[in-house]
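Asker: Output the structure for:
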Amino acid sequence: MTYKEALEYTEGLKSRGIQPGLAGITQLCAELGNPQNYLSIIHIAGTNGKGSAGAFLASVLKAAGRSAARFASPAVGDYLEAFTIDGSPIPEDLYARCAELVREADRRLSQRCVFPTAFEAETAIAFLAFKELCPDYVLLECGMGGRLDATNIIPRPFVSVITSVSMDHKQFLGASLAGIAAEKCGIIKDNCPVVTCSQPDDVMEVTAAAAQAHGSPLYIADDITSVSFYEDTTVFCFEGEEYKIRLGGVFQPQNAALAVKAAQLLGISGASIRKGLECAVWEYRFERPGKYILDGAHNEDAARKLAESIRLYLPGRNTAFICGCFRDKDYDSIAKITAPLADAVYCVKPPTTRGLEAAELSRAFAKYGAKAYNAETLADAFAMTADYETVVIFGSLSILGEAKRLIKQTEGSYNAKMQ
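Answerer: Here you go, the predicted structure:
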């Protein structure tokens, strides 16, 4: 199987849709010899912040001389960015070899009327690839939820991390914050340390109860003080120690603190933690290439944090938004929160079957007082915003990869300033 054929195979599985539950992945991994059982895993669940917390922790592990693989789906840019080892995508031939093994297992399972989904296949490919690469740790992010997420087939991890929990994927996870928290906390295993951040009371109650039920110690990374935001860096104190990070946004000290606490539980030194945090990079989270800001905010809580960051970093700027959302997201709340901060909003339809029509999104922004316009394509939206001092692009991760390519063309050369 070539790499192209492997991509065609996994892409074709998307027609099977989303099937929450562990039955499919359990049978698939059993056919493959249960590669997940050979990995030293740090499991990460949450609504927002999984990628950033994982990026911080991966950088800390690298600074400590430990190798770290990451599975963080979906990728925004190059597909293999979802499967990395020490910050670099795994080789194409390795992906192809693992995908071929999964396809063969899939064919055997189909004879028993078992049909793994695309995410289950990708998860199994990640397990196979990482087993071959033998990293010290695997940072494994849940795709959605936790309890019924395909990644939750793993045995006891070294640490379970629960990032910020808020309302999202209500059709799958439930309509209450406590219910969603229960799904996220489904990754907690017996006698396994759990790290989380400050959460709403009902989320904290669910998390504490889940940790207690499993006999797992719970650590809350909430002692964050003296936060100072600068153009290129953020400085903060956590548990009395000062740290510096380059990732921008008001939400990043919280994600960094989660990584600090998890690293401490892994026995990483303070010097390596500080060095790793300062070196960490993560695309598409309040990333600022030139006059553009790329942010993956696609739910109400993320939109609120994006709005706080815009107020902090861009006061008085002539600012346009380019926004595209999925139909199944709470785009009305996203528009309500962010509309007051834009001089104009240019709406696009994301290039997927879940994409919301630009006209419907622009009506939502207009309802909350924004000057909202439709753009046929993302390239058209770029042309329409050429004269603005700052352009914030957000709403769906699916538009950010193309946006970065357009920025490279627009700017001539691309030198992103990762804060």
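Asker: and residue 76, what is it in contact with?
Answerer: Contact analysis of residue 76 by C-beta atoms under 8 Å, 6 or more residues apart in numbering lists 283, 284, 296, 397, 398, 400, 401. From N, CA and C alone the C-beta is placed, and that goes for glycine too.
Asker: In space, what's closest to residue 67 - neighbours in sequence excluded?
Answerer: Closest residue to residue 67 apart from its sequence neighbours, by C-beta to C-beta, 6 or more residues apart in numbering: residue 135 at 4.3 Å.
Asker: Which secondary structure state is assigned to that neighbour?
Answerer: Following DSSP: H, G, I helix; E, B strand; the rest coil, residue 135 is assigned to coil.
Asker: Residue 235 belongs to a strand, doesn't it?
Answerer: Yes: assessed with three-state DSSP, residue 235 lies in a strand.
Asker: Spatially, what comes nearest to it if we skip its sequence neighbours?
Answerer: Closest to residue 235 by C-beta to C-beta, 6+ apart is residue 228, at 4.7 Å.
Asker: Give the buried residues for the host helix or strand of the one you found.
Answerer: Taking DSSP states H and E as the criterion, residue 228 maps to strand 224-229. When burial is assessed from 16 or more other C-beta atoms under 10 Å, strand 224-229 yields the following buried residues: 224, 229.
Asker: what's that strand in contact with?
Answerer: Contacts for strand 224-229 (C-beta under 8 Å, 6+ apart): 234, 235, 236, 237, 238, 242, 250, 253, 254, 257, 312, 313.
Asker: let's see 6 Å
Answerer: Contacts with strand 224-229, where a contact means C-beta atoms under 6 Å, 6 or more residues apart in numbering, come from 235, 236, 237, 238, 253, 257, 312.
Asker: Check stretch 148-158 too.
Answerer: 20-22, 25-26, 29, 36-37, 41-43, 119-120, 123, 140, 142-143, 187, 189, 192.
Asker: Now do the strand holding residue 228, average pLDDT.
Answerer: The average of the pLDDT scores along strand 224-229 is 95.
Asker: please begin residue numbering at 52 from this point
Answerer: Shifting the count to begin at 52 puts that one at strand 275-280.
Asker: Now do the helices in the stretch 52-201 of the chain.
Answerer: 54-63, 74-82, 101-114, 143-161, 169-184 (DSSP state H, counting those that start in this stretch).
Asker: Could you check the ones you listed and tell me which one is nearest residue 314?
Answerer: Nearest to residue 314 among the helices of the stretch 52-201 of the chain is helix 101-114; the distance by C-beta to C-beta comes to 4.7 Å.
Asker: any idea which helix or strand comes after the helix or strand bottoming out on mean pLDDT in the chain?
Answerer: Using mean pLDDT, DSSP states H and E, helix 221-224 stands out as the lowest-scoring helix or strand of the chain, at a mean of 65. Along the chain past helix 221-224, the next helix or strand (assigned with DSSP H and E) turns out to be helix 228-235.
Asker: so what does that next one touch, helix or strand wise?
Answerer: helix 252-264 (3 or more C-beta pairs under 6 Å, 6 or more residues apart in numbering; DSSP states H and E).
Asker: Now residue 56: closest residue in space that isn't a chain neighbour?
Answerer: residue 147 (7.2 Å).
Asker: what's near enough to touch the one you found?
Answerer: Counted by C-beta under 6 Å, 6+ apart, residue 147 has contacts 52, 53, 54, 57.
Asker: if we go to 8 Å?
Answerer: 52, 53, 54, 56, 57.
Asker: Most neighbours among the residues you listed, which one?
Answerer: Per-residue neighbour counts (other C-beta atoms under 10 Å) across these peak at residue 57, which has 22 neighbours.
Asker: okay, it: pLDDT?
Answerer: 97.
Asker: Please verify my assumption that it contacts residue 150.
Answerer: Yes: the pair residue 57 and residue 150 passes the contact test of C-beta atoms under 8 Å, sitting 3.6 Å apart.
Asker: Figure out which of the helices of the stretch 52-201 of the chain is closest to residue 387.
Answerer: helix 101-114 (24.6 Å).
Asker: Check which helices and strands that closest one sits against.
Answerer: Packing partners of helix 101-114 (3 or more C-beta pairs under 8 Å, 6 or more residues apart in numbering; DSSP states H and E): strand 92-96, strand 119-122, strand 188-192, helix 303-316, helix 321-330.
Asker: rerun that using 10 Å as the cut-off
Answerer: strand 92-96, strand 119-122, strand 134-136, strand 188-192, strand 210-213, strand 292-296, helix 303-316, helix 321-330 (3 or more C-beta pairs under 10 Å, 6 or more residues apart in numbering; DSSP states H and E).
Asker: now for these, which one comes closest to residue 424?
Answerer: Closest among those, once you apply C-beta to C-beta, is helix 303-316, at 31.2 Å.
Asker: Residue 133 versus the closest residue to residue 273 other than its chain neighbours, what's the distance?
Answerer: In space, and not counting its chain neighbours, residue 273 is closest to residue 249: 4.3 Å by C-beta to C-beta, 6+ apart. Residue 249 is 29 Å from residue 133, where distance means C-beta to C-beta, to the nearest Å.
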